[in-house]
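Visitor: Requesting a structural model of the entry that follows:
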Amino acid sequence: MSNLSSAAVPVPNTENENGLKTDTATLGTGCFWCTEAVFQELEGVLKVTSGYSGGHVANPTYQQVCDKTTGHAEVVQVVYDPSKIGFDELLEVFWQTHDPTTLNKQGNDVGPQYRSVIFYHNEEQRKKSEKYKSALDKSGAFNKPIVTAVEPFKNFYSAEKYHQDYYANNGSAPYCYYVIRPKLEKFEKVFKNKLRHK
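Guide: Residues are numbered from 1 along each chain as shown. You can find the predicted model right below:
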């Protein structure tokens, strides 16, 4: 299979072609198909790209990442309009839509590529991520310690084309129906005031 990935290192707080100021978050919550479907629902999110981050191999293929030798995590790169949604709100969604207490595991997905991770793009994102992680741990919101890694952003490679918009394009597939759909329905109930208007 040819690798359609390409390196993309966006600069936070940039302007898009329409002059709109945007920011970028890079988050890993396990399988990127689930994560992408959740963040695409949020008002103020402009683009969500599934991909690989945090590894040491340039332009990895999905198979290489699944072989657990590249060091990458499956992530989504979220480009958003900070005048409509803030990094704090993205973190709120992040913490509530996966289990941040399981190391290298989300549900039946096991391996370092499924780790819970925040790749921060600047000092403000680092501080907020550490602050919320610490506060959640102290609050007892989870019955086990949070193992989410907070690491500096160093690279991002878009996943192959068939991984993009996966739920939207494959909604009737068994994984989408039995895994993503229930997660999405729960998310929509909890965050109904933050959803984009359809």
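
Visitor: From here on, just use CA atoms for contacts and neighbour counts.
Guide: Fine.

Visitor: State the distance from Arg115 to Asn170.
Guide: The spacing between Arg115 and Asn170, counted by C-alpha to C-alpha, to the nearest Å, is 24 Å.

Visitor: swap in Phe87?
Guide: Applying C-alpha to C-alpha, one obtains 29 Å for the distance of Phe87 from Asn170.

Visitor: and these two? which has more neighbours close in?
Guide: Counting neighbours by other C-alpha atoms under 10 Å for Phe87 and for Asn170 shows that Phe87 has the greater number, 18 against 13.

Visitor: show me the contacts for the more buried one.
Guide: If a contact means C-alpha atoms under 8 Å, 6 or more residues apart in numbering, then Phe87 has 25, 125 as its contacts.

Visitor: burial of Phe187, as a residue count?
Guide: 18.

Visitor: In this structure it contacts Phe39, no?
Guide: No: if you go by C-alpha atoms under 8 Å, Phe187 and Phe39 don't touch, sitting 9.9 Å apart.

Visitor: Let me see the ranges of the strands in this structure.
Guide: For the chain, applying DSSP state E gives strands covering 14-15, 21-29, 45-53, 73-80, 105-106, 109-110, 116-120, 149-152, 156-158.

Visitor: how about those strands in TSV, adding distance to Thr97?
Guide: Compiled in TSV, the strands of the chain are given as follows (distance: least, C-alpha to C-alpha, whole Å):
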stretch	distance to Thr97
strand 14-15	27
strand 21-29	8
strand 45-53	16
strand 73-80	13
strand 105-106	11
strand 109-110	15
strand 116-120	11
strand 149-152	16
strand 156-158	22
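
Visitor: Lys194: which of the ones you listed is closest?
Guide: Minimum separation from Lys194 across the strands of the chain (C-alpha to C-alpha) falls at strand 45-53, 10.4 Å.

Visitor: hey, which helix or strand in this protein has the poorest pLDDT?
Guide: Averaged element by element with mean pLDDT, DSSP states H and E, the chain has its least confident helix or strand at strand 14-15 (a mean of 61).

Visitor: so can I have CSV of the strands of the chain showing mean neighbour count and distance to Gln63?
Guide: Listed next are the strands of the chain as CSV, based on neighbours: other C-alpha atoms under 10 Å; distance: least, C-alpha to C-alpha, whole Å:
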stretch, mean neighbour count, distance to Gln63
strand 14-15, 14, 33
strand 21-29, 23, 18
strand 45-53, 24, 12
strand 73-80, 27, 12
strand 105-106, 20, 18
strand 109-110, 14, 15
strand 116-120, 25, 20
strand 149-152, 16, 23
strand 156-158, 26, 14
